[in-house]
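Visitor: predicted model and sequence below, questions to follow.
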Protein chains: 2
Amino acid sequence: MPLVYNEEDVCQRLAEFFKVMGDRTRLRIVKSLLDGELQAGLIAEAVSMEQSAVSHQLRILKSARLVRARREGKAVFYSLDDDHVESVFRQGMDHIMEQ
Amino acid sequence: MPLVYNEEDVCQRLAEFFKVMGDRTRLRIVKSLLDGELQAGLIAEAVSMEQSAVSHQLRILKSARLVRARREGKAVFYSLDDDHVESVFRQGMDHIMEQ
DNA sequence: TGAACACATGAACATTCGTTCATGTGAGGG
DNA sequence: CCCTCACATGAACGAATGTTCATGTGTTCA
């Protein structure tokens, strides 16, 4: 894997990242994780959605490295993967609040 | 228009914003505008795409207030609408460059 | 006014996406 | 072992998305 990506690859990968952020359900999940890790079931409760739908979205968030999972017995805990996710979330808020 | 939005609305509007950022073509357009305004035709040239396709995407970017347009004679010049667009772009880069 | 240029827009099409429903998997308790 | 709990996954369906092709709009200049 090269250290420097060409413009095409960068925009492609960046687009994939933002595409994952570009869904209301996934953003509500991310939002529910801003204060720390949460058990999968509680996330579903927090966003008032079916467990299955949330699980599908968690899978997408995990594949894109926006969240990470940790198993503890029967439960699985999810948390934001790195600080940039929160940064982007908040910068986006700043943008939509403007004007 | 209220000053404070409820969580649902925020995530909805935020998702719409990121959805617009979540396309390779549009990101390449945004990228081409990082250094300042550019004539529509030159943007199409910069991203090596048909004028029509770029125009459609510019429309979407403009509706979402990511870019703004300025007409000067026959030409139309586009530029990023506010600094948050660039901030989000760069924060996104930081994220995908990590690891 | 009419031709040329720069750009916008509408229809149509293939593709992608998110949800639901049904079922699968893995861990713990009895 | 078998049942239950917590979560994951696959198929399928309707909805949304991005491009192309054809055409429309608006501005300049002869």
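Guide: All right, it came through fine. Numbers count the residues shown, from 1 in each chain, chains lettered A, B, ... in the order given.
Visitor: in chain A, which spans are helices?
Guide: For chain A, the helices defined by DSSP state H occupy A:7-21, A:24-32, A:40-46, A:51-63, A:83-97.
Visitor: quick one: closest of the ones you listed to B:Thr25.
Guide: helix A:7-21 (8.3 Å; Cβ to Cβ). Just so you know, the C-beta spots here come from the backbone N, C-alpha and C atoms, and that holds for glycine as well.
Visitor: is DNA strand C within reach of the closest one?
Guide: Yes - using Cβ under 7 Å from any atom of the strand, helix A:7-21 comes into contact with DNA strand C via A:Lys19.
Visitor: the nearest residue to A:Ala44 once chain neighbours are set aside: neighbouring residues, count only.
Guide: Distances taken as Cβ to Cβ, 6 or more residues apart in numbering or on different chains place A:Val54 nearest to A:Ala44, at 4.2 Å, with adjacent residues excluded. By other Cβ atoms under 10 Å in any protein chain shown, the residues close to A:Val54 number 24.
Visitor: mind listing what A:Val54 touches?
Guide: A:25, A:29, A:40, A:43-44, A:47 (Cβ atoms under 8 Å, 6 or more residues apart in numbering or on different chains).
Visitor: shaky segments in chain A?
Guide: A:1-8, A:99 (pLDDT under 70).
Visitor: could you list the contact residues of it toward DNA strand D?
Guide: Within chain A, the positions lying close to DNA strand D (Cβ under 7 Å from any atom of the strand) are A:39-41, A:51-52, A:55-56, A:58-59, A:69, A:74-76.
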